[in-house]
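**Q** let's see this in three dimensions:
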Amino acid sequence: MQIWDPLTQRFHRVIALDFLGFGFSDKPRPHRYSIFEQASIVEALVAHLGLSHQRLNLISHDYGDTVALELLYRSDQNRTGHLIFNSLCLSNGGIFPETHHPRLLQTLLKDSSILATVLTRLTNFMIFQKGIGEVFGPYTQPTDAEFWDMWTSLRYNDGNLVLDSILQYINQRFQHRDRWVGVLTSTHAPLHMIYGPLDPVNPHPQFIRLYMHLVKRSTITVLDDHISHYPQLEDPTGFLKAYFNFIHSF
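**A** Next up, the predicted model:
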């Protein structure tokens, strides 16, 4: 990951995990994947590492944005959280259902159980590459090797067969919007948003206008016009500059 080394040079300890159903984590099926369970997994990891009483800086992206907001809710609102926020930096994620535009394949997978069973088995590298390529900018496309790495991690432990279950998080964002958007607008934790404006999933300017309107305490970095859904991969230098400026601001 392009931002990993600079982060490890700046911070005493940097931790990343594959959520359940992602990457090289277990991918049980059938299983009811949920944002709540993923947040509990993060809390368990923090406790396992002996960091429950440490103030932590979180960086999140996309799906991880919503997991981070559930963790923030537990910490801020009902005091059951096992994670103490020092800061939260979000990036391109569908935190507002009203400005989130899932790709066609995502919509089909999350809403049609019979069709989803067929689609998860038919999806191949070419379909995957085309779909992922559409959410990267024209000048920041992954290399063939990077596409293959992504595909390999998806297919590990038959991860393609749980995509429809994982994608229920889109529906969960609608169901729990008040909880997750509510804590985002009310928290006193330092907040920052790093945004790639060419993102077709969270399009400009609708997404960032709504964010600015609702999340008034947050600072924001909008990257260059050609940066899309994966700013940490497409513009790691710009992403890190924005993040370190945020960290040094409080």
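**Q** what segments of the chain are helices?
**A** 4-10, 35-48, 63-76, 104-111, 113-122, 125-133, 144-155, 163-166, 169-175, 177-186, 206-214, 231-234, 236-247 (DSSP state H).
**Q** what angle do the longest strand along the chain and helix 236-247 make?
**A** For the chain, the strand with the greatest residue count under DSSP state E is strand 84-91. Taking axes from the mean of the first three to the mean of the last three C-alpha atoms, to 10 degrees, strand 84-91 and helix 236-247 form an angle of 140 degrees between their directions.
**Q** buried sites along strand 84-91?
**A** Using 16 or more other C-beta atoms under 10 Å as the test for burial, strand 84-91 gives 85, 87-91. The C-beta positions use only the backbone N, C-alpha and C, and glycine is treated the same way.
**Q** helices and strands around that strand, which ones?
**A** Applying 3 or more C-beta pairs under 8 Å, 6 or more residues apart in numbering; DSSP states H and E, we find strand 84-91 packed against strand 55-59, helix 63-76, strand 191-195, helix 236-247.
**Q** okay if I get these as JSON lines plus mean pLDDT and mean neighbour count?
**A** Formatted as JSON lines, the helices and strands packed on strand 84-91 follow (pLDDT from 0 to 100; neighbours: other C-beta atoms under 10 Å):
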{"stretch": "strand 55-59", "mean pLDDT": "97", "mean neighbour count": "17"}
{"stretch": "helix 63-76", "mean pLDDT": "96", "mean neighbour count": "22"}
{"stretch": "strand 191-195", "mean pLDDT": "98", "mean neighbour count": "23"}
{"stretch": "helix 236-247", "mean pLDDT": "98", "mean neighbour count": "18"}
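**Q** confidence-wise, which helix or strand of this structure is lowest on average?
**A** Taking mean pLDDT, DSSP states H and E as the measure, the helix or strand of the chain with the lowest value is helix 104-111, at a mean of 60.
**Q** before we move on, the earlier item: turn the helices and strands packed on strand 84-91 into CSV, columns for distance to Gly133.
**A** What follows is the helices and strands packed on strand 84-91, written out as CSV (distance: least, C-beta to C-beta, whole Å):
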stretch, distance to Gly133
strand 55-59, 24
helix 63-76, 19
strand 191-195, 20
helix 236-247, 19
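**Q** figure out which of these is closest to Thr219.
**A** Thr219 lies closest, by C-beta to C-beta, to one member of those: strand 191-195, at 5.0 Å.
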